[in-house]
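A.B. asks: fold the following, please.
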Amino acid sequence: MLLIYSHERELGMYAGFDRALRTRLQSNAVTPMEFYTEYLDLMRFGDPEYRQTAVDYLRVKYATPRIDVIVAAGSLAFDFLRENSDAIFPRVPIVFTSVNASVVTAATLNPTFTGVGVKRDVRQTVDLLLALHPDTRQIVIPAGSSPTEEAWTAATQEQLQPYEKRVSLTYLSGLSMDAMVRKLRELPAHSIVLFTTLFFHDGAGRYFLPEEALATIAAAANAPVYSTDEAFLGSGIVGGVLYDLAPAGDAAGRIGQRVLTGGKPADIPVETIDPNYPMFDDRQLKRWNIPKSRLPAGSIVRFEEPGPWVQYKVYIVGAVSLLTLQAALIAGLIVSHTKQRRAEASLRASHAQVRDLAGRLIAAQEEERTRIARELHDDAGQRMASLSIDLGLIEREVVQDPGHASQALAAVHREMETLSDDLRELSHSLHPGVLEHLGLIKSLEIRCKELSEESGIAVRFDVVSDIGCVPPAIGLCLYRVAQEALRNIVKHAGARSARMSLARHNGRIALTIDDDGRGFDPAATEGQRGLGLMSLDERVRMLDGAFAITTSPQKGTTVSVSIPL
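C.D. replies: Below is the predicted model of the structure:
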């Protein structure tokens, strides 16, 4: 493939055209494709001698590589190949594109030519700018000074002649760039600048790329600048009905594919396309206060400045996330600090409670030891001494008065039985041997019966479900809870009846003791729990159990214990 361009390599508008052309040609290609590219630069070098040199150069350069298809871009390359193709590329198919349809219609094509004619009409942009600026009085058109540019300018003047009845058309030709810039800076009100591809050379003979000339003109003009080519959008123009070269490249590539697959150019009709679209630069619309609502339907607006959310979305999201994270961390620290303070307060209270409990336990131990010693000395000891004296007297009376000795001996026997019962009760309070021998249920049943007989309070014992085997530590804990709860009922509750129940459910054993006594106010006794209840609470906790007391004045008290088996 040989691509021949009319102008030089640096012309910006060729980029989109070349990309579209190559993409189309290579799509669905069954064999590798090799590209050659030539830039004739006929706008700068258009004299006959240069043209002849170009003919000779191309004929020599491409004598060896076999070219299958030539694509000619632009009217200058089109005219050059029409005049010289037989001398340079005999019988090689030529696909032209980006040539004004009116030029194609007027030209005589040999059988090796086919291609794409494009509709290009500067009047579309003039109609558009007059619609957007109805008060326009003058349209200023920069024009080049080379013979080719003068011919193009004459054709443009002929096209725009009907508009001279409505506005003044001023062609800035024959001026140096500096002189043109001065005029553009001092345009009268209600003027519009129309920049087309008519300008490559200024009056001083200096050559400009269209993009370079446009940048200078747009920066200097004190009026809106419109144009006719999409490649110029973004270089300072407001917009216009702009010619897009990319569709022309795509169409040429499509025709080139047909030629490569065996189609003859003479059998492929010339296509005509209209790749012109109303396009605008949003920045220039704002600069000249042109509302978008006045643009024609289907207009393409480029370079729209995104809003703050689009521009700074990442930063906004990052900042919000950071603030949220910081707030969460601060809240977490506050909650953690609050929990820590509560835990410290609870720990201090627990330490105080433990110290108090330890002190009270030591005191209770000493008190209990004193009580036991007193019981043994003052009661059991004295009674044993009394029995010893009585036995001594009986020993003397056995011979003297057997009848009286027998009565005295019976009295001693009864006293010995009473003393034995008291010592057994004392031993039982220290360690319930009945628990080891009879088990938990029987021991609780006996304790309820004894309490009923001793106090007159009707105590009922219920076993709600099958208890099964209870570990000794749990059994002793439950027994002590029952023992202390029943003692408190007798001492403090003023109850007429009480009920004790034992049940097993979901791997836990539960003991409940309630009474119909006077109860008490929990708020009034806050922090004043007795040593017995505190000891029971610690016992239950050591076995991972739960200990609870529910009570209210005149409604009785319930003690509940639940321990995992």
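A.B. asks: so for the helix ranked longest in the chain, mean pLDDT?
C.D. replies: Across the chain, the helix with the greatest residue count (assigned by DSSP state H) is helix 308-374. Helix 308-374 shows a mean pLDDT of 78.
A.B. asks: pLDDT score assigned to the residue in the chain sticking out farthest from the centre?
C.D. replies: What lies farthest from the middle of the chain is residue 400; by Cα atoms, centre = their mean that is 112.6 Å. For residue 400, the pLDDT comes out at 72.
A.B. asks: what's the answer for residue 245, then?
C.D. replies: Note on residue 245: pLDDT of 93.
A.B. asks: skipping adjacent residues, who's closest to it in space?
C.D. replies: If you skip the residues right next to it in sequence, residue 245 has residue 17 as its closest partner in space, 3.8 Å away by Cβ to Cβ, 6 or more residues apart in numbering. (Glycine included, C-beta is placed from N, CA and C.)
A.B. asks: so the one you found makes contact with residue 37?
C.D. replies: No - using Cβ atoms under 8 Å, residue 17 is not in contact with residue 37, being 11.9 Å away.
A.B. asks: among those two, which residue is more densely surrounded?
C.D. replies: The neighbour count for residue 17 versus residue 37, taken as other Cβ atoms under 10 Å, is higher for residue 17 (26 against 13).
A.B. asks: which ones are touching that one?
C.D. replies: The contact partners of residue 17, taken as Cβ atoms under 8 Å, 6 or more residues apart in numbering, are 73, 98, 245, 246, 248, 249.
A.B. asks: on that earlier part again, tell me which element the residue nearest to residue 245 is part of?
C.D. replies: Per DSSP states H and E: residue 17 is located in helix 14-26.
A.B. asks: can you give me the buried ones in that helix?
C.D. replies: Under the neighbour-count criterion of 16 or more other Cβ atoms under 10 Å, helix 14-26 has 14, 16, 17, 18, 20, 21, 22, 24, 25 buried.
A.B. asks: JSON lines for those, including pLDDT?
C.D. replies: Listed next are these as JSON lines, based on pLDDT from 0 to 100:
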{"residue": "14", "pLDDT": "87"}
{"residue": "16", "pLDDT": "90"}
{"residue": "17", "pLDDT": "93"}
{"residue": "18", "pLDDT": "93"}
{"residue": "20", "pLDDT": "95"}
{"residue": "21", "pLDDT": "95"}
{"residue": "22", "pLDDT": "94"}
{"residue": "24", "pLDDT": "94"}
{"residue": "25", "pLDDT": "93"}
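A.B. asks: could I get those as CSV with distance to residue 290?
C.D. replies: Shown next, in CSV, are the buried residues of helix 14-26 (distance: Cβ to Cβ, whole Å):
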residue, distance to residue 290
14, 30
16, 26
17, 29
18, 33
20, 30
21, 34
22, 37
24, 36
25, 40
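A.B. asks: relative to residue 238, which of these is nearest.
C.D. replies: residue 16 (20.6 Å; Cβ to Cβ).
A.B. asks: residues contacting the nearest residue to the closest one once chain neighbours are set aside?
C.D. replies: Distances taken as Cβ to Cβ, 6+ apart place residue 246 nearest to residue 16, at 4.3 Å, with adjacent residues excluded. Contact analysis of residue 246 by Cβ under 8 Å, 6+ apart lists 16, 17, 19, 20, 275.
A.B. asks: could you dump the residues you listed to JSON lines with distance to residue 416?
C.D. replies: Output for the contacts of residue 246, formatted as JSON lines (distance: Cβ to Cβ, whole Å):
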{"residue": "16", "distance to residue 416": "126"}
{"residue": "17", "distance to residue 416": "131"}
{"residue": "19", "distance to residue 416": "124"}
{"residue": "20", "distance to residue 416": "127"}
{"residue": "275", "distance to residue 416": "132"}
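A.B. asks: tell me which two in the residues you listed are the farthest apart.
C.D. replies: Among the contacts of residue 246, 19 and 275 lie farthest apart (Cβ to Cβ), at 14.7 Å.
A.B. asks: pLDDT averaged over stretch 437-453 - what is it?
C.D. replies: On average, stretch 437-453 scores 86.
A.B. asks: can you offset everything so residue one is 27?
C.D. replies: Understood, numbering begins at 27; the last thing we discussed is stretch 463-479.
A.B. asks: ok, and for that stretch, which residues are buried?
C.D. replies: For stretch 463-479, the neighbour count (16+ other Cβ under 10 Å) marks 466, 469, 470, 471, 473, 474, 477, 478 as buried.
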